[in-house]
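Engineer: Sequence and computational prediction follow.
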Protein chains: 2
Amino acid sequence: MYPEIRLSLPDWIEGFCSEWKQDFDSVEKRMEFVIALSAANVKRGSGGPFGAAVFDLDRGELFAPGVNLVVPHSNSVAHAEMVAIMEAEQIAGTHNLRGPGLPKLELASSTEPCAMCMGAIPWSGIPRLVCGARHADAESIGFDEGPKPEDWRGEYARRGIEVVSDVRRDEAIAVLQSYLDSGGEIYNTVDMEIG
Amino acid sequence: MYPEIRLSLPDWIEGFCSEWKQDFDSVEKRMEFVIALSAANVKRGSGGPFGAAVFDLDRGELFAPGVNLVVPHSNSVAHAEMVAIMEAEQIAGTHNLRGPGLPKLELASSTEPCAMCMGAIPWSGIPRLVCGARHADAESIGFDEGPKPEDWRGEYARRGIEVVSDVRRDEAIAVLQSYLDSGGEIYNTVDMEIG
């Protein structure tokens, strides 16, 4: 009667990840990967222009990738960060990515988290977030990123979550722009009152 | 290599919903149902003390139920509201619950949305939210509900989302308390700095 909720990564992701030749030993290289994920998602038409991944910082390895799947999966929750977090938790077998026995993990996202993803990260236990484009960059192509507290970085710091911003921001913006230019759907559901 | 993310409602939910005798023609009756869902979730041990549902206001019918599934499903995203939203979107076949051809929908939640769920609701297009217990009531049993902007209700109003608060609040609080008393897991992953 009530269907199971299912989210699977696009078919191209496994090959994409296994063929990636760069290592992940710097924040610049990890961001290069998630921006490439966002670009591939646009090119393949498998979702919005956003990529994210959870990395194992102890081993310098990819732990779980994610891309935006909102429109093809009819699922407004399926932002790249949410997909990467849920995928990482399935792999780890726990809802707590800061739990015992796990390596130190980092979430890298091609764009700074929207209000939903900002709220999701503390629940996941991820202790470190790296962002490419800014919230305002996503809004400048038309997405309504939602209500976030002004001092969300301070709120993260109080919870022991480190934030690194503006890594390869221009490259991340270029993918957002390419999505807009290619006629990609700006899938807001609400119209903001202006003024 | 990367597992599919799956969330299914607990086995008892179908019987619970089909055996519910009350109709859903008032906000009090709809809240009575989601509080009963939260209580059943505690009693059955199938997740945290939170229930939610999407209702079809045109027909006065249940559209999609949700309960918290975080610990049993190893999924920090699986709050009751998120499950109900994703379930409703699967049923509707769209990420936009305000889309053409859909009835007017309402999300009722036994507790006011945390930061994540607060951010998720505008993306879903749901035009109306009804809450039982307050954010502070969930925090008083130990959950860290996360950073929300002070004026999130105003931000919702600007997006055309109506909010009704404190419906059957005492009954909703009683379920939170029963979860705490029964030794239910308060599954925060981060320790807040105090002071």
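Structural biologist: That came through, no problem. Numbers count the residues shown, from 1 in each chain, chains lettered A, B, ... in the order given.

Engineer: My understanding was that residue A:61 contacts residue A:33; is that so?
Structural biologist: No. Contact criterion C-beta atoms under 8 Å: residue A:61 and residue A:33 do not qualify, at 11.2 Å. Placement of C-beta: from N, CA and C, glycine included.

Engineer: Now list whatever residues contact both of the two.
Structural biologist: Common contacts of residue A:61 and residue A:33 (C-beta atoms under 8 Å, 6 or more residues apart in numbering or on different chains): residue A:24.

Engineer: Of those two, which one has the most company?
Structural biologist: residue A:33 (22 against 12; other C-beta atoms under 10 Å in any protein chain shown).

Engineer: Sticking with that one, tell me its helix or strand.
Structural biologist: helix A:27-44 (DSSP states H and E).

Engineer: Whether that helix contacts chain B - can you check?
Structural biologist: No. Against chain B, helix A:27-44 shows no contacts by C-beta under 8 Å from any C-beta of the partner chain, the least distance being 12.5 Å.

Engineer: Likewise for stretch A:120-128?
Structural biologist: Yes. Residues of stretch A:120-128 contacting chain B under C-beta under 8 Å from any C-beta: A:120, A:122, A:123, A:124, A:125.

Engineer: Which parts of chain A are helices?
Structural biologist: All helices of chain A, identified by DSSP state H, fall at A:12-19, A:27-44, A:80-92, A:115-124, A:135-140, A:152-158, A:169-181.

Engineer: Show me which positions of the second one end up buried.
Structural biologist: Going back to what we said before, that points to helix A:27-44. For helix A:27-44, the neighbour count (16 or more other C-beta atoms under 10 Å in any protein chain shown) marks A:27, A:29-42 as buried.

Engineer: Check stretch A:143-151 too.
Structural biologist: For stretch A:143-151, burial by neighbour count (16+ other C-beta under 10 Å) applies to A:143, A:144, A:145, A:146, A:147, A:148, A:149.

Engineer: Show the end-to-end separation of it, please.
Structural biologist: One end of stretch A:143-151 sits 21 Å from the other (C-alpha to C-alpha, to the nearest Å).

Engineer: which residues are contacting that stretch?
Structural biologist: Against stretch A:143-151 from outside (C-beta under 8 Å, 6+ apart): A:114-116, A:118, A:135, A:138-139, A:155, A:186, A:188, A:190, A:192, B:118-119, B:122-123, B:147-152, B:155-156, B:159.

Engineer: Which of these are buried, as a PyMOL select command?
Structural biologist: Selection of buried members from the contacts of stretch A:143-151 for PyMOL, criterion 16+ other C-beta under 10 Å:
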select buried, (chain A and resi 114+115+116+118+135+138+155+188+190) or (chain B and resi 118+119+122+123+147+148+149+152+155+156+159)
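
Engineer: Tell me the confidence at residue A:1?
Structural biologist: Predicted confidence (pLDDT) at residue A:1: the value is 86.

Engineer: How about residue A:22?
Structural biologist: With respect to pLDDT, residue A:22 scores 89.

Engineer: what about it, neighbour count?
Structural biologist: Counted with other C-beta under 10 Å, residue A:22 comes out at 12.

Engineer: and the gap between it and chain B?
Structural biologist: According to C-beta to the nearest C-beta, to the nearest Å, residue A:22 stands 19 Å off from chain B.

Engineer: quick one: the nearest residue to that residue once chain neighbours are set aside and residue A:186, what's the gap?
Structural biologist: Leaving aside its sequence neighbours, residue A:22 sits nearest to residue A:29 (C-beta to C-beta, 6 or more residues apart in numbering or on different chains; 5.2 Å). Counting by C-beta to C-beta, to the nearest Å, the gap between residue A:29 and residue A:186 amounts to 30 Å.

Engineer: swap in residue A:61?
Structural biologist: Here the criterion is C-beta to C-beta. By it, residue A:61 lies 34 Å from residue A:186.

Engineer: Hmm, residue A:129 is touching residue A:156, no?
Structural biologist: Yes. Residue A:129 is within contact range of residue A:156, at 7.3 Å (criterion: C-beta under 8 Å).

Engineer: Give the residues shared as contacts by these two.
Structural biologist: Any residue near both residue A:129 and residue A:156 by C-beta under 8 Å, 6+ apart counts here, and that gives A:121, A:162, A:163.

Engineer: for the first one, what are its contacts?
Structural biologist: Meaning residue A:121. Taking C-beta under 8 Å, 6+ apart, we find residue A:121 in contact with A:81, A:85, A:107, A:113, A:129, A:156, A:161.

Engineer: Nothing else from me, thank you.
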